[in-house]
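>>> Starting from these lines, generate the structure:
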Amino acid sequence: MLGNDVLMARALRHVLEQHQVAPETYQRWPSNLQNQLQELVIATADDMQYNSLRYFRPFKHQREFFRTGGAERRGILAANRVGKTTSTCYETAMHLTGQYPEWWDGHRFSGPITCMVAGEGWSQVALVLQNELLGTQDVKLLEHIGTGAIPRDCIVVDTMRNDGANCIGVEIRHRSGTNSYLLFANYTQEVRQLQGFKLNLAVFDEQPPDDFFSEIVTRTATTQGKVLCSFTPLKGLNGLVSKFWNREEGYEYIRVSWDDVPEYDPWGQAFLLMETRRQLERDYLPHEREARIAGKPVMGKGAVFQIANWPTYNTGDIDFFRMPHILRVIALDLGLVNDKTVISLMYWEPYEKVAYLHKQIVVQGIEEAVPSQYINHLLRPEVFGTPIVLPPDASTPGRYTMSANSIRELFESYELNVYHKPIMNPPDSEGRITNHKSYGINQMRQMLEVGSLMVNANCTQFLSEAQNYYVDQQGRFSDPDDCIDSARYALLACLQGIAEPWDNKTPAERMRAQRDRYVRPKDEMSKPQWKKTHNPA
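Down below sits the predicted model:
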């Protein structure tokens, strides 16, 4: 709810602009004309108080966000105090009421909608979303209802379902003559409580838990609904933030930093002054500043691979067959019904100790259920003969094969070059050999950080998993990680000397071939007589 001084200042500016009057001239008007102006300003301020949607003036970055309306999932990754929640709430008000301004060039719903807005907890929902949309943090204060983005005349107060100070749901009058429905929710609710209804629009304020997000967007499936998100990415590059940041299909976002926002709002009133920014910058913790000031995901908060610039290359950038010492290996992470089977091809330069994750084949569905089908990938001439490493359970009869044989025996029956032992971690300081995931993950992390593990940009699923990979407070790694595990096995094979030359030649054999090519011995008969070698009988 805006204060009277703010409302009066905005109303005065609106009236002067509407009548094309310069601010510096009206004070010279006759008193009767000034009185008429004052009456009009007061009436406009009264209308503004309960009909702010009509007078909404967006920033440039908010207009940019509205223009992304063609995408199914839209987000604002933004610094603090730039009006990100205002953007999603005013757009929500437009969709609920059908009242779109003349300048609107975003998505339009053709009729009334069902919308859910959600935040981190009931207190946060009331403080931010309920206050922004309805105009009050406490719905028992009836005089404040309607001072938010939704006009008072559009809120059907008699339909409001409350839980103390919180609104749970309310009907909103649509310009078509029928009603939209607005629901409030929070991320601490049990997911099972959110099943069984349909949504046209879902709005998330700050980053939701993955299971909550999945359940709510499922409610939009049959209606071809839309999803709006606004967050300062303080939880790292994981979950929903990762999907936006990597621009996965269907996800569109804008990033807003303090540099994108003027000191004064479109009404000419102070918004985020430079002295305020400098003070806030001093207040923020160092590791949070990029997120709070520039809208960039903070590194940390459980993220395993805290890497800003991933060491990638494109196919064709590197000619591995011209590298004199290059080795290669294939590794598989085997999946069952709900997991993927992932085949990784990795090159290894042993002298520089640089690994290249060159290709991954992700096998799912029917092909995964019949291993003899995806074995075809391993029988191709360009990779046949490459050593293959398998996880320990590949030797279990019947597992993955749906027969009496193990996957290892099946591979061997095709004469594939399967390494004779399961891939494990190297012995520790006490000689113990384990398969603890953390060892290989730590090796990958260190090599990615220094650029000695390069990833082909075509390995998109690996990059997506890795950028979204985190550890919870109990030390458990997140899912999915099938592509990560396959690459981890390949890297362990490289570090333990299991990789072999791509052409099955040793370095000595390659040296002899090059020597014979460039340093050929001359024919004895072409030598001068005194240089010929005589072998007496």
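
>>> what does the top helix by length along the chain contact?
In the chain, taking DSSP state H as the definition, the longest helix is helix 31-50. Helix 31-50 has contacts (CB atoms under 8 Å, 6 or more residues apart in numbering) with 1-2, 4, 7-8, 10-12, 14-15, 26-27, 29, 54-55, 146-147, 151-153. All C-beta spots, glycine's among them, are computed from the backbone N, C-alpha and C.

>>> Of the residues you listed, which belong to strands?
Among the contacts of helix 31-50, none falls in strands (DSSP state E).

>>> Buried ones among those residues?
In the contacts of helix 31-50, burial by neighbour count holds for 1-2, 7-8, 10-12, 14-15, 146-147, 151-152, counting by 16 or more other CB atoms under 10 Å.

>>> Using CSV, lay out these together with distance to Tyr313 and pLDDT.
Rendered in CSV, the data for these read as follows (distance: CB to CB, whole Å; pLDDT from 0 to 100):
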residue, distance to Tyr313, pLDDT
Met1, 55, 69
Leu2, 54, 80
Leu7, 58, 92
Met8, 61, 93
Arg10, 54, 94
Ala11, 59, 93
Leu12, 60, 92
His14, 56, 93
Val15, 61, 93
Gly146, 57, 95
Thr147, 56, 95
Pro151, 55, 97
Arg152, 59, 96
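
>>> Any buried residues in the longest helix of the chain, and which?
37, 40-41, 44-45, 47-50.

>>> tell me the pLDDT at the residue nearest in space to the middle of the chain?
Centroid-nearest residue in the chain: Ser242, 1.5 Å away (criterion: CA atoms, centre = their mean). We note a pLDDT of 80 for Ser242 in this prediction.

>>> Phi first, then psi, for it.
phi -60, psi -40 (degrees, to the nearest 10).

>>> Once you drop chain neighbours, what's closest to it?
Among residues not flanking Ser242 along the chain, Asn468 sits closest, at 4.2 Å (CB to CB, 6 or more residues apart in numbering).

>>> which one is Asn51 nearest to, not counting chain neighbours?
Pro151 (4.6 Å).

>>> Can you tell me the SS state at the residue nearest to Arg81 when sequence neighbours are not counted?
Nearest non-adjacent residue to Arg81, counting by CB to CB, 6+ apart: Leu272, 5.6 Å away. Assigned by DSSP: H, G, I helix; E, B strand; the rest coil, the conformation of Leu272 is coil.

>>> ranges for the helices of the stretch 401-537 of the chain?
Using DSSP state H, counting those that start in this stretch, the helices of the stretch 401-537 of the chain run over 407-413, 437-450, 460-467, 482-495, 507-518.

>>> can I get the CA coordinates of the first one in PDB?
Spelled out, it's helix 407-413. Extracted in PDB, the C-alpha atoms of helix 407-413 (Å, rounded to 0.1, in the frame of the first residue of the first chain):
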ATOM      1  CA  ILE A 407      26.500 -58.000 -19.100                       C
ATOM      2  CA  ARG A 408      30.200 -58.600 -18.900                       C
ATOM      3  CA  GLU A 409      29.800 -62.100 -20.400                       C
ATOM      4  CA  LEU A 410      27.500 -60.700 -23.100                       C
ATOM      5  CA  PHE A 411      30.100 -58.100 -24.100                       C
ATOM      6  CA  GLU A 412      32.900 -60.700 -24.100                       C
ATOM      7  CA  SER A 413      30.800 -63.000 -26.400                       C
END
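
>>> How far does it sit from its chain's centre?
In terms of CA atoms, centre = their mean, to the nearest Å, the centre of helix 407-413 is set 39 Å apart from its chain centre.

>>> That helix: which residues count as buried?
For helix 407-413, the neighbour count (16+ other CB under 10 Å) marks 407-408, 410-411 as buried.

>>> And the contacts of that helix?
Identification of contacts with helix 407-413 by CB under 8 Å, 6+ apart yields 334, 371-372, 375, 378, 388, 390, 394-395, 397, 399-401, 403, 405, 418.

>>> Please identify the most buried of the helices of the stretch 401-537 of the chain.
Of all these, helix 482-495 has the most neighbours on average by mean count of other CB atoms under 10 Å, namely a mean of 25.

>>> The stretch 151-300 of the chain: helices as residue ranges?
Remark: helices assigned in the stretch 151-300 of the chain by DSSP H, counting those that start in this stretch are 210-218, 239-245, 274-283, 289-294.

>>> Lowest average confidence across those helices, which one?
helix 239-245 (a mean of 83).

>>> other SSEs contacting that helix?
strand 73-78, helix 210-218, strand 226-231, strand 251-256, helix 460-467 (3 or more CB pairs under 8 Å, 6 or more residues apart in numbering; DSSP states H and E).

>>> which one of the buried residues of helix 31-50 is nearest Thr114?
Tyr50 (24.2 Å; CB to CB).

>>> dump the residue contacts of the residue nearest to Val329 when sequence neighbours are not counted.
Closest residue to Val329 apart from its sequence neighbours, by CB to CB, 6+ apart: Ala499 at 4.1 Å. Residues in contact with Ala499 (CB under 8 Å, 6+ apart) are 327-329, 346, 348, 350, 387, 493.

>>> same thing but at 7 Å, please
327-329, 348, 387, 493 (CB atoms under 7 Å, 6 or more residues apart in numbering).

>>> Buried only: go through these for me.
For the contacts of Ala499, buried by 16+ other CB under 10 Å: 327-329, 348, 387, 493.

>>> Show me those that map onto helices.
Among the buried ones among the contacts of Ala499, the subset assigned to helices under DSSP H consists of Ala493.

>>> which one of the buried ones among the contacts of Ala499 sits closest to Pro209?
Ala493 (36.1 Å).

>>> Does that closest one touch Asn425 like I think?
No. Counting by CB atoms under 7 Å, Ala493 stays clear of Asn425, with 11.4 Å between them.

>>> Ramachandran angles for Asn119?
To be clear, residue 119 is Gly; Asn isn't right here. phi -140, psi -170.

>>> Output the below-cut-off pLDDT ranges for the protein.
Scanning the chain for pLDDT under 70 picks out 1, 191-195, 237-238, 287, 298-302, 337-338, 365-369, 402, 472-475, 504-537.
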